[in-house]
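Asker: return a 3D structure for these sequence lines:
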Amino acid sequence: MNTIQAVDRALRLLQEVAARGDWVGVRELARATELKVPTAQNLLKTLQANGFLEFDERTRGYRIGLAALRLAEAGDSLARLADFCRPQMEALYQRFGETVVAMTWSQGRAQVVHWLQSEHPLAVVHSQRVIDHPHLMATGLVLLAYQSPEAQRSYAEGEPLAGPGEYTPATVEELLDLLDKVRRQGYAQTENAQGTGITAVAAPVVDARGGLVLAIGCSAPTIRLDENRL
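Answerer: Take a look at the predicted model:
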């Protein structure tokens, strides 16, 4: 079968970045795909320009971009996770009547697997599939708490952290301490992060070996969540 060399090389690079799951440098990618560094660099910049990769100036590395994630939604590998957690989420929703969300960590991102919106006039809405700044959400904190220490620090150092709210960490060390607390206590809680007036709680769903599969959270305006409901 005839192939176009440049396309073949670009796809190999894209697959290699996806397999790493986090920021990876040009030279490492060039070695892994047996390409010359200038060739790899040009192809990576082309993929970045089209949204299939993102580049981080601090780490000088690449990771999967939103265009690739959106393309993958056609075959939605997250659908199996959604089917798995849907009955439990519906049970939570029926009990509390508030917005329930399940999220997973994939390709270095927090992604919504499934969610049910409260029917109250004031309700939390999850309108995005890929979540930016997940440390501002209880569900995102649970996902981050189960990442490696290196991945946690890399995330924390790349985020603008200062903001209002008792549960909004203002420094890298505050966020790392919070993630350690979440991991030890087995759940996360956020209140009024960035002045939203929302309170949320979330807990991990783990596999037989203790590895994180999902985080499931429930959120509502703080005025509807007294201590007993929390």
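
Asker: the strands in this structure, which residues?
Answerer: Residue ranges of the strands in the chain, as given by DSSP state E, are 24-25, 53-56, 61-64, 99-106, 109-116, 130-131, 188-191, 198-206, 212-221.

Asker: would you list these in a markdown table and tack on mean pLDDT and mean neighbour count?
Answerer: In this view, the C-beta of every residue, glycine as well, is placed from N, C-alpha and C. Shown next, in a markdown table, are these (pLDDT from 0 to 100; neighbours: other CB atoms under 10 Å):
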| stretch | mean pLDDT | mean neighbour count |
| --- | --- | --- |
| strand 24-25 | 92 | 18 |
| strand 53-56 | 89 | 18 |
| strand 61-64 | 89 | 22 |
| strand 99-106 | 90 | 24 |
| strand 109-116 | 88 | 21 |
| strand 130-131 | 82 | 16 |
| strand 188-191 | 90 | 22 |
| strand 198-206 | 91 | 21 |
| strand 212-221 | 90 | 23 |
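
Asker: hmm, Phe52 is touching Ala68, no?
Answerer: Yes - here Phe52 reaches Ala68: they are 4.6 Å apart, a contact under CB atoms under 8 Å.

Asker: identify the contacts common to these two.
Answerer: Shared contacts of Phe52 and Ala68 (CB atoms under 8 Å, 6 or more residues apart in numbering): Leu14.

Asker: who has more neighbours out of those two?
Answerer: More crowded of Phe52 and Ala68, by other CB atoms under 10 Å: Phe52, with 24 against 19.

Asker: residues touching that one, list them.
Answerer: Taking CB under 8 Å, 6+ apart, one finds Leu14, Ile64, Gly65, Ala67, Ala68, Leu71 in contact with Phe52.

Asker: would you list these in CSV and tack on distance to Leu35?
Answerer: What follows is the contacts of Phe52, written out as CSV (distance: CB to CB, whole Å):
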residue, distance to Leu35
Leu14, 13
Ile64, 18
Gly65, 20
Ala67, 21
Ala68, 19
Leu71, 23
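
Asker: so which of those sits lowest on pLDDT?
Answerer: Within the contacts of Phe52, Leu71 has the lowest pLDDT, namely 69.

Asker: pLDDT below threshold where in this structure?
Answerer: Within the chain, the segments meeting pLDDT under 70 span 1-3, 69-77, 122-128, 162-167, 193-194, 208.

Asker: so how far is Thr33 from the nearest residue to Leu214 once chain neighbours are set aside?
Answerer: Nearest residue to Leu214, sequence neighbours excluded (CB to CB, 6 or more residues apart in numbering): Val205, at 4.1 Å. The gap separating Val205 from Thr33 is 35 Å, by CB to CB, to the nearest Å.

Asker: equivalent analysis for Gln41, please.
Answerer: 12 Å.

Asker: all set, thanks.
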